[in-house]
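S.K.: Pasted the sequence and its predicted model underneath.
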Amino acid sequence: MRHALTTPAEICAAGLSPDTPGALAPVAAEFRIRVTPAMQAAIAAPGDPVAAQFVPTLAELLTRPEEMLDPIGDVVRSPVPGLTHRYPDRVILHVTKTCDVYCRFCFRRETVGETGPLPEAALSEALAYIARTPAIREVILTGGDPLTLSPRRLGDVLGRLAEIPHVTTLRIHTRVPVVAPERIGPALADLLAGLRLPVWVVLHTNHAQEMTEAARAAIARLVDHGIPMLSQSVLLRGVNDSHQALVDLFRALQDNRVKPYYLHHCDLARGTSHFRTTIAAGRALMRGLRGHLSGAAVPTYVLDIPGGFGKVPVTADHFTPGPTPGTWKVTDWQDRVHDYADPLPLVPERG
């Protein structure tokens, strides 16, 4: 029976890194490591599209000037601990800092794993804020990964949210059905299906290779219980920045009754520049999907504007070229204009 890999020594002993444990120690000191048995089994070779997402590398020690500790502004948009309120009608509730895997490109990599579930005092304060803010109709549970919570603890949070009259929709953002599919048991599926409010599960997955037989079965268990599923993916250099990789991913999701929802431009998290494409490369990939995939299988390509100004589609309505190549004027949902610049590429763009 495999166990999760959490140290450089275990990563190297599994043959997943060309580096030594000593060389990787500074990376582990900065950013947590965890590779579940399911994802170990999904890795076909070191450095492949699954390994690249979870196995630490020395490239993470490079921090570029544009990179941030809080790239999407969770903290600056937080009215109370554990809550982010960026848009009038919805909030993010950070119910836990724990994940089953720690992605090497995570935009919350500075905080995930620091603590477990949101303490009761903070949770009560967050719920009180939601209850006294009638404009809020949707609550998005994230973290960390909400599905690492026990069904009992998760059920308590969802039940308390369901008692707030103006909350009409709940959304859970998770990687669990793919990276730890054994967690998606009957008790969890029954819990999500039995609430008064509709619950949408948004699955984070980035490559078709992650969609193992166990992952497909976990997804089917949720969908068969009547739980609608969307997906969100991150455009990652060396993982899915090719036409075929994206086609295969979005077809696999659609085939398993998951609607591709968002393709995120990689955020400016510290130590992630080796994953980041240019905006132009992402737009070219999206153009190439049209005609090869049905509209139901094509997600919206979005940028989360650095600093907490919200996400916008990477389209001509929101993006206009700046004064120099690789610079952009980005218009947010409140018609404010922001500057965005592609980092100078470290390696050539892939086609």
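M.R.: Thanks, I have it.
S.K.: Every contact and neighbour count from this point should use C-alpha atoms.
M.R.: Fine.
S.K.: who does the closest residue to D339 other than its chain neighbours bridge with?
M.R.: Using Cα to Cα, 6 or more residues apart in numbering and skipping the chain neighbours, the partner closest in space to D339 is K329 (5.0 Å). Beta-bridge pairing for K329 (DSSP bridges): T320, D339.
S.K.: repeat for T142
M.R.: Beta-bridge partners, per DSSP bridges, of T142: H94.
S.K.: Run a quick neighbour tally on it.
M.R.: A count of neighbours around T142, defined by other Cα atoms under 10 Å, yields 20.
S.K.: The stretch 1-150 of the chain: strands as residue ranges?
M.R.: 83-87, 90-94, 138-142 (DSSP state E, counting those that start in this stretch).
S.K.: contact partners of the first one?
M.R.: When you say that, I think you mean strand 83-87. 74-75, 77-79, 91-94, 126, 308-310 (Cα atoms under 8 Å, 6 or more residues apart in numbering).
S.K.: Read off the pLDDT value for the residue nearest the centre of the chain.
M.R.: With distances taken as Cα atoms, centre = their mean, the residue of the chain nearest its centroid is H204 (5.2 Å). pLDDT for H204: 98.
S.K.: right, and it touches L235 too?
M.R.: No. The pair H204 / L235 is not scored as a contact, 11.8 Å apart, by Cα atoms under 8 Å.
S.K.: Distance check, E66 against P306.
M.R.: 10 Å (Cα to Cα, to the nearest Å).
S.K.: all helices of the chain, in order?
M.R.: 8-13, 21-30, 37-42, 51-54, 120-131, 151-162, 176-179, 186-193, 213-224, 243-255, 279-289 (DSSP state H).
S.K.: Same list, those, but as TSV with mean pLDDT, mean neighbour count and distance to D335 please.
M.R.: Below are these laid out as TSV (pLDDT from 0 to 100; neighbours: other Cα atoms under 10 Å; distance: least, Cα to Cα, whole Å):
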stretch	mean pLDDT	mean neighbour count	distance to D335
helix 8-13	97	18	46
helix 21-30	95	15	37
helix 37-42	97	18	41
helix 51-54	97	22	34
helix 120-131	98	16	26
helix 151-162	96	16	32
helix 176-179	98	25	36
helix 186-193	96	17	37
helix 213-224	98	19	37
helix 243-255	98	19	31
helix 279-289	96	16	20
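S.K.: got those helices as TSV, with distance to L62 columns?
M.R.: Output for the helices of the chain, formatted as TSV (distance: least, Cα to Cα, whole Å):
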stretch	distance to L62
helix 8-13	18
helix 21-30	10
helix 37-42	26
helix 51-54	16
helix 120-131	34
helix 151-162	37
helix 176-179	27
helix 186-193	40
helix 213-224	33
helix 243-255	27
helix 279-289	21
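S.K.: so who does I164 touch?
M.R.: Applying Cα under 8 Å, 6+ apart, the residues near I164 are A131.
S.K.: measure it to L188 for me?
M.R.: For I164, the distance to L188 - Cα to Cα - is 22 Å.
S.K.: where's the residue nearest to the centre of the chain relative to R336, distance?
M.R.: Distance from H204 to R336, by Cα to Cα: 29 Å.
S.K.: again with V95
M.R.: 31 Å.
S.K.: Looking at these two now, which is surrounded by more residues?
M.R.: V95 (27 against 10).
S.K.: thinking the more buried one is in contact with L147, fair?
M.R.: No. In this structure, V95 is not within contact of L147 by Cα under 8 Å, at 9.8 Å.
S.K.: Give me the nearest residue to C103, chain neighbours excluded.
M.R.: F54 (5.1 Å).
S.K.: residue contacts, that neighbour?
M.R.: So F54 contacts I33, R34, V35, V101, Y102, C103, R104 (Cα under 8 Å, 6+ apart).
S.K.: between these, which is closest to V247?
M.R.: C103 (22.1 Å; Cα to Cα).
S.K.: Please report the distance of that closest one from G159.
M.R.: C103 is 30 Å from G159, by Cα to Cα.
S.K.: again, but for R90
M.R.: 18 Å.
S.K.: about what we covered before: quick one: buried ones out of the contacts of F54?
M.R.: I33, R34, V35, V101, Y102, C103, R104 (16 or more other Cα atoms under 10 Å).
S.K.: Dump those into a markdown table; add pLDDT as well.
M.R.: Converted to a markdown table, the buried ones among the contacts of F54 look like this (pLDDT from 0 to 100):
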| residue | pLDDT |
| --- | --- |
| I33 | 95 |
| R34 | 95 |
| V35 | 97 |
| V101 | 94 |
| Y102 | 93 |
| C103 | 94 |
| R104 | 92 |
